[in-house]
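Enquirer: Give me coordinates for this.
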Amino acid sequence: MAFTKIVDWVSEIAGYAGAIIVIPLVGALVYEVFSRYALGAPTAWAYEISYMLTGSILMLGMGYALKHKYHVNVDFINEFLSTRSRSILDLIAYLALAPAIFWLSGALAQYAYRAFESGEVTGKSGWNPVVWPFDITWAIGFAILGLQMSAEAARAIRTLLGDRNDRGDK
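Expert: A predicted model of the protein is given here:
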């Protein structure tokens with residue numbers, strides 16, 4: 001199914017982008033520790049860059065985590081269910097949550113746009129950066145999660161119809 005393959009690819013790219021963001025996060029934190037303790041001059045930006053990058057990593061990784069089944073699951077219940085029953089349960093969950101996820105993504109995109117238009121800044125430090133780049137990663141992350149939920153719902157439907165899923169699982 002082309003839709004699920006495209007969504008899987010987008011989730012993979014976003015997950016890898018989140019993983020790459022770990023590099024500047026670690027660099028910023030190492031610099032802050034060195035600057036604070038070796039030079040006696042803490043930075044004005046380390047706190048804000050660390051929470052913004054950490055939040056971006058988490059948001060960009062949500063769809064990736066769902067694709068690879070890394071989200072928390074109640075395994076002791078799933079172990080007793082047949083594949084068909086698991087698919088029904090998954091489908092109900094995805095159909096119930098997807099509208100809220102897409103609504104949240106749209107609301108976050110509007111919030112990011114308003115922050116961009118107004119030049120909103122954090123107000124939490126002397127650095128005081130604009131917040132819209134951070135806000136937009138939240139909207140993107142939730143949109144990708146919603147798309148991945150839609151792809152997983154399509155897989156559940158295919159399983160219920162007796163098809164082999166498009167990941168190659170049996």
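Enquirer: Give the next helix or strand downstream of the lengthiest helix in the chain.
Expert: When the chain is parsed with DSSP state H, its longest helix is helix 83-118. Downstream of helix 83-118, the next assigned helix or strand under DSSP states H and E is helix 132-160.
Enquirer: Which other helices and strands does that next one contact?
Expert: helix 2-33, helix 46-67, helix 83-118 (3 or more C-beta pairs under 8 Å, 6 or more residues apart in numbering; DSSP states H and E). Where C-beta positions appear, they are placed from N, C-alpha and C, glycine not excepted.
Enquirer: residues of it that come out buried?
Expert: Residues 132, 134-156, 158-159 are the ones in helix 132-160 that count as buried (16 or more other C-beta atoms under 10 Å).
Enquirer: Measure how it sits relative to helix 46-67, angle-wise.
Expert: 10 degrees (axes from the mean of the first three to the mean of the last three C-alpha atoms, to 10 degrees).
Enquirer: angle of helix 132-160 against helix 83-118?
Expert: Using the same axes, to 10 degrees: helix 132-160 against helix 83-118 is 160 degrees.
Enquirer: chain center to helix 132-160, what's the gap?
Expert: 8 Å (C-alpha atoms, centre = their mean, to the nearest Å).
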